[in-house]
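coords please:
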Amino acid sequence: MCVQHPGICTQIVLQLACAKLERLQMKEIADAVAGRAELYVDGGIRRGTDIVKALALGARAVLVARPVIWGLALDGAEGVRSVLDHLRVELVRAMALCGAARLDQISNDLVAKQ
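The predicted structure is shown next:
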């Protein structure tokens, strides 16, 4: 609906939990919208490598509510900061291992084709 009626909304939110299913669905959806809508992954993001995979599969961004809630429950605002810092450190490390210095250098050639 978003692609057919661009004035109505500008994004599609995906909630995918299974890693294999996620790869298949993200590729199909990214190909179908062909850049006419932004894709966001909501769900299943627990590590920096999950962020790299989502971006490589065509997501514009990821949503990380559950880990943030865990941090909040554990240690309040400091717990949230800790969770987000941990994700950032893991993301930077994963990007370095992939040879990507910037987010715009993460591309779908980083994902194994099956």
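
what's the mean pLDDT across the helix ranked longest in the chain?
Secondary structure of the chain per DSSP state H: the longest helix is helix 65-98. What helix 65-98 shows for mean pLDDT is 96.

what helix or strand is Leu39 located in?
Leu39 belongs to strand 38-42 when assigned by DSSP states H and E.

note down every partner strand of that strand and its orientation.
Strand 38-42 pairs in its sheet with strand 11-14 (parallel), strand 61-63 (parallel), by DSSP bridges.

next up, the contacts around the residue located most distally from the centre of the chain.
Going by CA atoms, centre = their mean, the residue of the chain most distant from its centre is Asp75, 24.9 Å out. Applying CB atoms under 8 Å, 6 or more residues apart in numbering to Asp75 gives the contacts Ser82. All C-beta atoms are positioned from the backbone trio N, CA, C, and that covers glycine.

and it, how far from Pro67?
With distances taken as CB to CB, to the nearest Å, Asp75 is found 13 Å from Pro67.

next one: Leu74
10 Å.

who has more neighbours out of these two?
Pro67 (17 against 12; other CB atoms under 10 Å).

for the closest residue to the more buried one other than its chain neighbours, what are its contacts?
The shortest distance from Pro67 to any non-neighbouring residue, by CB to CB, 6 or more residues apart in numbering, is to Val83 (4.9 Å). Val83 makes contact with 64, 67-68, 70-71, according to CB under 8 Å, 6+ apart.

and what of Ile51?
Contact partners of Ile51, counting by CB under 8 Å, 6+ apart, are 45, 62, 87, 90-91, 94.

ok, 6 Å please
62, 91 (CB atoms under 6 Å, 6 or more residues apart in numbering).

go on, Gly58?
Counting by CB under 6 Å, 6+ apart, Gly58 has contacts 26, 30, 39.

Asn108: which of those is nearest?
Nearest to Asn108 among the contacts of Gly58: Ala30, at 8.0 Å, using CB to CB.

distance of the closest one from Gly48?
For Ala30, the distance to Gly48 - CB to CB - is 21 Å.

for Trp70, same thing?
16 Å.

surely Asn108 and Ala56 touch.
Yes: using CB atoms under 6 Å, Asn108 makes contact with Ala56 at a distance of 5.3 Å.
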